[in-house]
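Asker: here is my input; please provide its structure:
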Amino acid sequence: MGIDPGSRMTGYGMIEVDGPRNRHIASGGIQTDSSRPVPERLKTIFEGIAAVIREYQPVEVAVEQVFMHRNPDSALKLGQARGAAICAAVVAGLPVSEYAARAIKQAVVGSGAADKIQVQRMIALLLNLPVLPQSDAADALAVAICHGHTRQTLQRLGAAAVLAGRRR
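Answerer: Okay, here's the model as predicted:
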């Protein structure tokens, strides 16, 4: 499961990784009411992510790291939304991995400077989706794909290290 945290909209994306193939399971967003106080919005994010986890039963969660905005208040709100989403995963007993936005875009589009529409188009292509996913859902699916690629690479490197150790 990938999560793209946001104080107004938190995207989620569920994929199944089967070797080099990724299959779309579900994606969407948890909308908060921007007229409500921040603690109530964080509760909405926590409960929304918890509900998605209960419904789809992921085995791992990956989340985008906070990057520094020009506006410190925005960065704080983003960090709080991210914390609410991470807490929902940890309460469910799931391991959580974190990735920088540039690394996610690099893994999915091939450029760490890719824009939102490039990510949406590549996600639609990689997951064989009939339409472009909503932006926050596409970002969350990109986080999930980045994590899947990273995990597979680490597994291959681990297997290579074991094989190299046996040759000695």
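
Asker: measure Pro37 to Ser135 for me?
Answerer: Distance, Pro37 to Ser135, using Cβ to Cβ, to the nearest Å: 25 Å. Backbone N, C-alpha and C define where each C-beta goes, glycine included.

Asker: which of the two has more residues huddled nearby?
Answerer: Ser135 (16 against 9; other Cβ atoms under 10 Å).

Asker: thought Gln120 was touching the more buried one, still the case?
Answerer: Yes: using Cβ atoms under 8 Å, Ser135 is in contact with Gln120, at 6.3 Å.

Asker: so which residues of the chain form helices?
Answerer: Under the criterion DSSP state H, the chain carries helices at the ranges 38-56, 72-91, 101-108, 116-126, 135-167.

Asker: most tightly packed of those?
Answerer: Stretch with highest mean neighbour count among the helices of the chain: helix 101-108 (a mean of 20; mean count of other Cβ atoms under 10 Å).

Asker: re earlier: could the helices of the chain go into TSV alongside mean pLDDT?
Answerer: Output for these, formatted as TSV (pLDDT from 0 to 100):
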stretch	mean pLDDT
helix 38-56	97
helix 72-91	92
helix 101-108	93
helix 116-126	95
helix 135-167	82
